[in-house]
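# Give me coordinates for this.
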Amino acid sequence: REARPAPTMRLNPEVDDLFGFRYEDFQLADYDPHPAIRAPIAV
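Predicted structure coming up:
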């Protein structure tokens, strides 16, 4: 696979306490994933 640019993690600037962050305060920008790699598995 050819490397793609890394995404950017953006944090909500209104949160002023490290322990005050919630899931909604994080945003992953410019994420461009490769398609999944399929492999057979025995069950």
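# Verify the assumption that L28 is located in a strand.
Yes - according to DSSP: H, G, I helix; E, B strand; the rest coil, the state of L28 is that of a strand.
# So what sits opposite it in the bridge?
M9 (DSSP bridges).
# dump the residue contacts of it.
By CB atoms under 8 Å, 6 or more residues apart in numbering, L28 lies in contact with 7-10. Every C-beta, even on glycine, is put in place using the N, C-alpha and C of the backbone.
# Reformat these as CSV; add neighbour count, distance to L18 and pLDDT.
Below are those laid out as CSV (neighbours: other CB atoms under 10 Å; distance: CB to CB, whole Å; pLDDT from 0 to 100):
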residue, neighbour count, distance to L18, pLDDT
P7, 13, 22, 97
T8, 10, 20, 98
M9, 10, 15, 97
R10, 12, 16, 97
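# now Y31, nearest residue through space, not along the chain?
P7 (4.0 Å; CB to CB, 6 or more residues apart in numbering).
# again but with R4, I slipped
Per CB to CB, 6+ apart, closest to R4 is D32, 5.3 Å.
# okay, now N12: neighbour count?
When counting by other CB atoms under 10 Å, one arrives at 13 neighbours for N12.
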